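Visitor: below is the structure, and that's it, no one-letter string:
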């Protein structure tokens with residue numbers, strides 16, 4: 001496999017450049033006209049068996065953030081709000097005898113939230129390229145009834161394989177990258193080399209910028225959800241395409257650097273990786289505990305498992321991703 005990555009251009013990019021790159025990196029039709037899972041097709045049964053062999057200690061690291069009202073959402077993007085947890089039946093109700101006629105005392109509850117308000121996957125029906133989504137499906141196939149092509153439910157048995165952590169913050173020797181600081185292709189390679197790990201086909205690559213930890217240390221999410229943030233530069237879509245990774249995940253809200261590298265397009269990297277490449281993307285990952293362990297034992301690969309909820313026609317799904325070493 002040729003993993004040579006053409007040199008990227010640093011500095012402002014244009015909308016035309018974004019569209020040209022999307023056309024060049026399109027995976028439409030690569031896995032057939034009916035495909036709805038994109039780069040997850042790279043994962044084979046052998047890849048999963050090999051990933052399971054990485055488990056040596058049985059140490060489990062959970063990377064989801066709590067589903068409660070203390071999350072980062074402040075309505076800055078699309079009106080997203082933090083999870084709202086409501087009790088339907090309580091112990092107080094039970095002791096008061098409310099359920100005695102049922103001969104069952106119990107507690108019950110409900111949670112209301114946008115599917116991307118906490119740690120989550122984006123589905124391939126989340127971002128459009130013009131009037132199309134991944135694999136050339138018409139954007140109008142997403143309507144009030146849900147995502148009728150590229151919904152998150154199609155990935156229900158595919159989110160498992162070899163995980164690789166690229167700890168960019170620790171590689172730079174800082175607690176956190178600053179807002180607006182971009183990560184380029186050469187730094188991704190240099191970080192992997194310094195950690196003694198190779199990024200391979202079908203990997204789930206997890207990036208640590210330190211942004212989430214910075215916000216938590218400050219005791220204030222600030223503009224984490226939709227504001228300025230460290231993240232990958234636009235050119236990295238070529239790196240991810242060449243490496244043939246299955247998925248990319250980050251401890252930030254949107255993976256790519258903000259402010260974006262252009263004022264012509266909002267989230268230009270998203271324009272390419274989701275609707276053109278069909279790359280699975282995970283956001284708002286809490287990687288602090290995993291990163292600390294990797295720094296200690298110098299092992300940056302692990303079994304990764306993060307199935308979505310089976311939300312029929314979902315633009316994404318909240319998750320609690322797991323790394324096992």
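Guide: Everything's here; your move. Keep in mind that this is a model prediction, so the values were computed, not measured.
Visitor: stretch 57-67: which residues count as buried?
Guide: 61, 63, 64, 65, 67 (16 or more other CB atoms under 10 Å). C-beta coordinates here come from the backbone N, C-alpha and C atoms, glycine included.
Visitor: what's the average pLDDT for that stretch?
Guide: Taken as a whole, stretch 57-67 has a mean pLDDT of 98.
Visitor: sec struct for the residue nearest to the spatial centre of the chain, please.
Guide: Relative to the mean C-alpha position of the chain, the nearest C-alpha, by CA atoms, centre = their mean, is the one of residue 282, at 0.7 Å. Secondary structure for residue 282, judged by DSSP: H, G, I helix; E, B strand; the rest coil, is strand.
Visitor: partner residues bridging the closest residue to it other than its chain neighbours?
Guide: Excluding its sequence neighbours, the residue lying closest to residue 282 (CB to CB, 6 or more residues apart in numbering) is residue 249, at 3.4 Å. Under DSSP bridges, the beta-bridge partners of residue 249 are residue 206, residue 282.
Visitor: could you measure from the residue nearest to the centre of the chain over to residue 241?
Guide: According to CB to CB, to the nearest Å, residue 282 stands 18 Å off from residue 241.
Visitor: what of residue 228?
Guide: When distances are taken as CB to CB, residue 228 and residue 241 turn out to be 26 Å apart.
Visitor: ok, these two, which is more surrounded?
Guide: Between residue 228 and residue 241, counted using other CB atoms under 10 Å, residue 241 has the larger neighbour count: 22 against 16.
Visitor: average model confidence for the helix or strand that contains that one?
Guide: Assignment of secondary structure by DSSP states H and E places residue 241 within helix 236-243. Mean pLDDT, computed over helix 236-243, is 98.
Visitor: how about stretch 172-179?
Guide: 98.
Visitor: span of that stretch from start to end?
Guide: End-to-end distance of stretch 172-179 (CA to CA, to the nearest Å): 15 Å.
Visitor: so how far is it from its chain's centroid?
Guide: For stretch 172-179, the separation from the chain centroid amounts to 20 Å (computed by CA atoms, centre = their mean, to the nearest Å).
Visitor: check which residues of it are buried.
Guide: Residues of stretch 172-179 classed as buried: 172, 176, 177, 179 (neighbour count, 16+ other CB under 10 Å).
Visitor: restricted to helices, list those.
Guide: residue 172 (DSSP state H).
Visitor: in this structure, what spans have low per-residue confidence?
Guide: Counting by pLDDT under 70, the low-confidence segments of the chain come to 1-10.
Visitor: which of the buried residues of stretch 57-67 fall within strands?
Guide: Within the buried residues of stretch 57-67, membership in strands is found for residue 61, as judged by DSSP state E.
Visitor: could the buried residues of stretch 57-67 go into JSON lines alongside distance to residue 293?
Guide: Conversion of those to JSON lines gives the following (distance: CB to CB, whole Å):
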{"residue": "61", "distance to residue 293": "7"}
{"residue": "63", "distance to residue 293": "12"}
{"residue": "64", "distance to residue 293": "17"}
{"residue": "65", "distance to residue 293": "18"}
{"residue": "67", "distance to residue 293": "24"}
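Visitor: widest-spaced pair of the buried residues of stretch 57-67?
Guide: 61 and 67 (18.2 Å; CB to CB).
Visitor: longest strand in the chain, please.
Guide: Max-length strand for the chain by DSSP E is strand 160-167.
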